[in-house]
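Enquirer: give me a 3D structure for the following:
(one chain, ligands or ions: 1)
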Amino acid sequence: MNEELIGPNLSFFDLSSRESLFFPEDALEGLLVNEKWLSSKFFYDQNGSDLFQKITELPEYYLTKAEIEILGDNLDEISELAGEDSVLIEFGSGPSLKSRMLLKAIKPSIYMPLDISKAYLLETSKSLASEFSSLEIKAICVDYTRPFRLPFTLDKKRVGCFLGSSLGNFNKHNALSFLRQTKKHLGDDGALLLGVDMKKSKKILDKAYNDSAGITARFNLNILNHVNKLCAAKFDPSNFSHLAGYDEGLGCVQMHLVSEFEQKIKVLNTEIEISKGEKIHTEDSYKYSPSEIESLALKAGFSRSVSWFDEKGYFGLFYFS
Ligand SMILES: C[S@@+](CC[C@H](N)C(=O)[O-])C[C@H]1O[C@@H](n2cnc3c(N)ncnc32)[C@H](O)[C@@H]1O
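Expert: Numbering: from 1, shown residues only. Predicted coordinates for the structure are as follows:
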């Protein structure tokens, strides 16, 4: 582990043992099987993180706006539940838009943003550190899908937050494992603020993942640029098209890249053959009903829950203790 003191109130911990948290072999693994796939974590190089920020501003992408509405309406109650002098641990902090709202309301003594996108995490942490000069920030670059330990002992109450419906990127089995692992990180008196996208009509969901400006398509295609850098590969993103849609049976929006032609691409010295129309699965985004998410959290060992919704009931914020 590398620890770097960046400023008077900011330290940066890199929990990766290698140069990068993205392992090229992980990308290759999914491209060698019949139903090709790439883990959605590969979206997040610097360009991918910038594109995600643009997605949050799109009119069709209601998720961020709905979650901000819920936070804005319920910050007093949330900060009362969180209590004073806590440690706020944010999993997949990203643009830290909503973090600012929470930091102002909860006033934790320590903020720990965790993210896989190293340069982006450093950049957002630096700007938060200058904005909140009396807050101690310990930024941690880590892949939260792998087992890890927080790099210090904390004797204060830990409040985790996992926003933006990122839990939906896990299938149900992995979502449960993630919640179990998170509960261990938060300790017996800890709590978790979880933002979850609710099940709703296919029309609204399809529109949210197929915006008219084509930013989600660029975000999806950018995964190939990241794989090119990691694996010395030569994917041409313009030879693929973006496909996203809600599968009501699965309760999940699935994203794919569809090959426009038959192509052969070298990835880490292995030739990958892709036929015309063949799909590479890049993301799952599972949607939940309130009772589904509550019973998953109960299974993971959380007990009490408080929940809030936006006016349209599109998005839910759950506080599990
Ligand atoms: C969908 S964005 C959500 C960002 C933010 N929480 C929000 O609500 O706007 C997902 C974030 O999680 C990070 N991320 C994705 N996979 C990750 C992983 N396996 N480990 C750590 N961070 C990850 C990405 O870099 C990105 O910042």
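
Enquirer: would you mind listing what in the stretch 151-300 of the chain touches the ligand?
Expert: Taking C-beta under 6 Å from any ligand atom as the criterion, the stretch 151-300 of the chain approaches the ligand at residues 163-164, 166. The way it works is simple: take the backbone N, C-alpha and C, and place the C-beta from them, glycine included.

Enquirer: hmm, try it at 8 Å
Expert: Residues of the stretch 151-300 of the chain lying near the ligand by C-beta under 8 Å from any ligand atom: 162-166, 169, 195.

Enquirer: and the residues you listed as TSV, adding neighbour count, secondary structure and pLDDT?
Expert: Below are those laid out as TSV (neighbours: other C-beta atoms under 10 Å; DSSP: H, G, I helix; E, B strand; the rest coil; pLDDT from 0 to 100):
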residue	neighbour count	secondary structure	pLDDT
Phe162	23	strand	98
Leu163	25	coil	98
Gly164	24	coil	97
Ser165	22	coil	98
Ser166	19	helix	98
Asn169	20	helix	98
Gly195	23	strand	98
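
Enquirer: can you map out the strands along the stretch 1-150 of the chain?
Expert: 2-7, 10-14, 87-91, 110-115, 136-141 (DSSP state E, counting those that start in this stretch).

Enquirer: adding mean neighbour count and mean pLDDT, write those strands out as TSV.
Expert: TSV is the format used below for these (neighbours: other C-beta atoms under 10 Å; pLDDT from 0 to 100):
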stretch	mean neighbour count	mean pLDDT
strand 2-7	12	88
strand 10-14	19	94
strand 87-91	24	97
strand 110-115	24	96
strand 136-141	22	96
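
Enquirer: so how far is Tyr246 from the residue in the stretch 101-250 of the chain that the ligand sits nearest to?
Expert: Residue nearest to the ligand within the stretch 101-250 of the chain: Gly164 (2.3 Å; C-beta to the nearest ligand atom). Distance, Gly164 to Tyr246, by C-beta to C-beta, to the nearest Å: 18 Å.

Enquirer: and the residue in the stretch 201-321 of the chain positioned nearest to the ligand, helix, strand or coil?
Expert: Relative to the ligand, the nearest point of the stretch 201-321 of the chain is Ser285 (9.0 Å; C-beta to the nearest ligand atom). What DSSP: H, G, I helix; E, B strand; the rest coil gives for Ser285 is strand.

Enquirer: partners of Phe309 in the sheet?
Expert: Gly316 (DSSP bridges).

Enquirer: so how far is Tyr246 from it?
Expert: The gap separating Phe309 from Tyr246 is 19 Å, by C-beta to C-beta.

Enquirer: which of these two has more neighbours?
Expert: Tyr246 (23 against 18; other C-beta atoms under 10 Å).

Enquirer: just give the closest residue to the more buried one, not the sequence neighbours.
Expert: Nearest residue to Tyr246 in three dimensions, chain neighbours excluded: Leu205, at 4.0 Å (C-beta to C-beta, 6 or more residues apart in numbering).

Enquirer: out of the strands of the stretch 1-150 of the chain, which gets nearest to Ser305?
Expert: The minimum distance between Ser305 and the strands of the stretch 1-150 of the chain falls on strand 87-91, with 17.9 Å, by C-beta to C-beta.

Enquirer: tell me how far the closest one lies from the chain's centre.
Expert: Its chain's average C-alpha position is 13 Å from that of strand 87-91, according to C-alpha atoms, centre = their mean, to the nearest Å.
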